[in-house]
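**Q** sequence first, then the predicted structure, then my questions.
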Protein chains: 2
Amino acid sequence: MFRVAVVGATGAVGGTMLRVLEERGFPVSELRPLASARSAGTQVDYLGIPRTVEELTTSSFEGVDIALFSAGGSRSRQFAPAAVAAGAVVVDNSSAFRMDPDVPLVVPEVNEDALETHKGIVANPNCVAAPLVVALKPIADEVGLERIVLSSYQSVSGTGVAAIEELRSESAGHLDGREPEPAVYPHPIAFNVLPHIDTFDESGYTGEERKVMDETRKMLGMPNLPVSATCVRVPVMVGHSESVQIETTDLISPDKVRELLMVAPGVSLVDEPEANRYPLPRDAAGRDEVLVGRIRADSSHPRGIVLWLAADNLRKGAATNAVQIAESIVTNGLLRGHQAA
Amino acid sequence: MFRVAVVGATGAVGGTMLRVLEERGFPVSELRPLASARSAGTQVDYLGIPRTVEELTTSSFEGVDIALFSAGGSRSRQFAPAAVAAGAVVVDNSSAFRMDPDVPLVVPEVNEDALETHKGIVANPNCVAAPLVVALKPIADEVGLERIVLSSYQSVSGTGVAAIEELRSESAGHLDGREPEPAVYPHPIAFNVLPHIDTFDESGYTGEERKVMDETRKMLGMPNLPVSATCVRVPVMVGHSESVQIETTDLISPDKVRELLMVAPGVSLVDEPEANRYPLPRDAAGRDEVLVGRIRADSSHPRGIVLWLAADNLRKGAATNAVQIAESIVTNGLLRGHQAA
């Protein structure tokens, strides 16, 4: 049994982490929910019992075996070293350490082996990159990958609980004829789409797009793979979708791709378009698998494959993957100092 | 002055055609609103005066100079020949005749010359293809185009007024905790995205995607251009957006693309991302220009450009373009038999 801290326990991802720990029966001897001073003292539910959220400080991690962080990059940078110093393994959902060459960036179905070299911190990937590599790894292994082009359709829960509330209130207001007053996003999100997630850099790509491109390369172990992403926020509560175009090294048929994905870990093939069955964010919400469908030969490239996927960004894109990493760490004896009795 | 029939005058596009005829001061001597028997007898407003909608029959077109059709492909196939026989020029918004080699498919900013050979019918392009060629023609002319890959974010008004009502009622229901009961679409559209527009063919592409690919090639005059489209419905009322990736023959810089589009007819450059200015469907709604922005060098291809566009699908994607075609026909003396006095 293990002592588990959840940092950011009152957030959208932190709350989902508690649910996923419960569902998967993670062997927790002590659950320590942590958050900023603002949320300290509130309660979160775990296994049906209310738990008081403690304030996150550098001394929050005494005796902790595993610390699941999801409280933003600056808190990770500030507090993860303290957790590591206390002997915990940190599974960090922020982007703070993902591209650090000393930090494994892991989706267990794709590159579980990378965990073996961890030095106390393991990074949990971006919520677009994680489902993408789950879907593409079997294809890359079979025929090689030469390029990825993708456009995303990302739900507001990726931003957090305030964004979910903003979409709800703006939608209700719109239906009542009121003008929206956006606060979380720079423009209204209700009945709109925003081609803007994270900040823009000089190249014209956003930070979110860079994360998707860089993290995909790192997890696939292909540091020079050409990848281009356009990341777009859509008025969906939970569930990110992706329109994906790949170019493979060797030719592969759509049927062969379906055959590979049918048995791929973490993938649910949903590809019967004639019966109106294809991945939908609404159907992905609440599930741990990446739904993949609309697989077809790219009419614009001789070795191109086009596909569409949807995944729960709070689960496979965040909490489920973090708990899977924790499971792998425990199962493979990769905990640090004070192994629990 | 010209006698103008509007077929499908009670629909979302037909209604917009009336607004655009008014706004642009099209010289109308007689306005004849037509619709199916179900809608005949209702009234539509034109220049502040209610006009009674007449039932569409084969004898509806006597004396008509220009017939703007937007009542679906089967009605176009059934009634356009009667309009042509009566001496009218038909501008058809359906897909019925678009790929007919004898029918010009025209966006005036792109291929106005094609009108000269019309034989009575001119086709108005698909609402994704029209804005796309407006944005890409100046680039194709400057450096050549070798491939287009796009993913769309299409509003429900492209489906029609029933779909707008379905999105409204499903959204209100969702906020009240009621389960949606979709009728227009096979799945709920509120707070969801549907990678399904039109029917699927054996290749796995949809009819909508085929239209975008085929019509883009025809309008650009590049019958062998590799194009791949993924068309997706999003919960937006009006305004289609497109995430577009192109490969050019010769290298072109993002700055040069901006320079070309700054002066391109029908384009409004909205590309100051650092000031949160980029094309949004909400901003495109009600406007005739195609908004283009997020122009950047493709990080995955040496001669790639990535851009994002938004356009009012009822206007430049349909009604405005149809009226522009009518204007060009009139201006260039391309009317048929009974030229009005």
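**A** Okay, I see it.

**Q** and the helices in chain A, which stretches?
**A** Assigned by DSSP state H, chain A shows helices spanning A:12-23, A:73-85, A:108-111, A:129-143, A:161-175, A:207-220, A:254-262, A:281-284, A:320-331.

**Q** out of those, flag the one nearest residue B:294.
**A** Nearest to residue B:294 among the helices of chain A is helix A:207-220 (10.0 Å), distances taken as CB to CB. All C-beta atoms are positioned from the backbone trio N, CA, C, and that covers glycine.

**Q** and that closest one, average pLDDT?
**A** What helix A:207-220 shows for mean pLDDT is 98.

**Q** stretch A:166-186 now?
**A** Mean predicted confidence for stretch A:166-186 is 96.

**Q** what segments of chain A are strands?
**A** Per DSSP state E, chain A carries strands over the ranges A:2-7, A:28-35, A:43-46, A:49-52, A:54-55, A:66-69, A:89-92, A:121-123, A:145-153, A:227-230, A:240-248, A:267-269, A:290-297, A:304-311.

**Q** out of these, which comes closest to chain B?
**A** Evaluated with CB to the nearest CB, the strands of chain A place strand A:290-297 nearest to chain B, the distance being 3.0 Å.

**Q** mind listing what that closest one pairs with, with the direction of each?
**A** Each strand that pairs with strand A:290-297, with its direction, by DSSP bridges: strand A:267-269 (parallel), strand A:304-311 (antiparallel).

**Q** can you redo the ones you listed as TSV with distance to residue A:186?
**A** Below are those laid out as TSV (distance: least, CB to CB, whole Å):
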stretch	distance to residue A:186
strand A:267-269	35
strand A:304-311	26
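
**Q** can you add distance to residue A:215 and mean neighbour count and give the ones you listed back as a markdown table?
**A** Formatted as a markdown table, the strands paired with strand A:290-297 follow (distance: least, CB to CB, whole Å; neighbours: other CB atoms under 10 Å in any protein chain shown):
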| stretch | distance to residue A:215 | mean neighbour count |
| --- | --- | --- |
| strand A:267-269 | 19 | 22 |
| strand A:304-311 | 15 | 28 |
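
**Q** so how far is chain B from the closest residue to residue A:250 other than its chain neighbours?
**A** Excluding the flanking residues, the one nearest residue A:250 by CB to CB, 6 or more residues apart in numbering or on different chains is residue A:143, at 4.2 Å. According to CB to the nearest CB, to the nearest Å, residue A:143 and chain B sit 18 Å apart.

**Q** and residue A:221, by the same measure?
**A** Separation of residue A:221 from chain B (CB to the nearest CB) stands at 18 Å.

**Q** just residue A:336 next, same as before
**A** Counting by CB to the nearest CB, the gap from residue A:336 to chain B is 37 Å.

**Q** neighbours of that residue, just the number please.
**A** Counted with other CB atoms under 10 Å in any protein chain shown, residues neighbouring residue A:336 total 16.

**Q** equivalent analysis for residue A:67, please.
**A** By other CB under 10 Å, 28 other residues sit near residue A:67.

**Q** okay, the strands of chain A in TSV with mean pLDDT and distance to residue B:257 next?
**A** Formatted as TSV, the strands of chain A follow (pLDDT from 0 to 100; distance: least, CB to CB, whole Å):
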stretch	mean pLDDT	distance to residue B:257
strand A:2-7	98	44
strand A:28-35	98	46
strand A:43-46	97	50
strand A:49-52	97	55
strand A:54-55	98	51
strand A:66-69	98	41
strand A:89-92	98	39
strand A:121-123	98	36
strand A:145-153	98	18
strand A:227-230	98	16
strand A:240-248	98	21
strand A:267-269	98	38
strand A:290-297	98	30
strand A:304-311	98	24
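
**Q** burial count for the closest residue to residue A:221 other than its chain neighbours?
**A** Nearest residue to residue A:221, sequence neighbours excluded (CB to CB, 6+ apart): residue A:111, at 6.9 Å. Using other CB under 10 Å, the number of residues around residue A:111 comes to 17.

**Q** tell me the pLDDT at residue A:111?
**A** pLDDT for residue A:111: 98.

**Q** next one: residue A:336
**A** The score at residue A:336 is 85. That number is its pLDDT.

**Q** now do the contacts for it.
**A** Shown in contact with residue A:336 (CB atoms under 8 Å, 6 or more residues apart in numbering or on different chains): A:65, A:87, A:88, A:89, A:120.

**Q** what's the answer for residue A:228, then?
**A** Residue A:228 sits next to A:148, A:149, A:150, A:213, B:245, B:298, B:299, B:300, B:301, B:304, B:306 when contact means CB under 8 Å, 6+ apart.

**Q** the first one contacts residue A:225, doesn't it?
**A** Yep, that's residue A:148 we're talking about. Yes. Residue A:148 sits in contact with residue A:225 when judged by CB atoms under 8 Å, with a separation of 6.9 Å.
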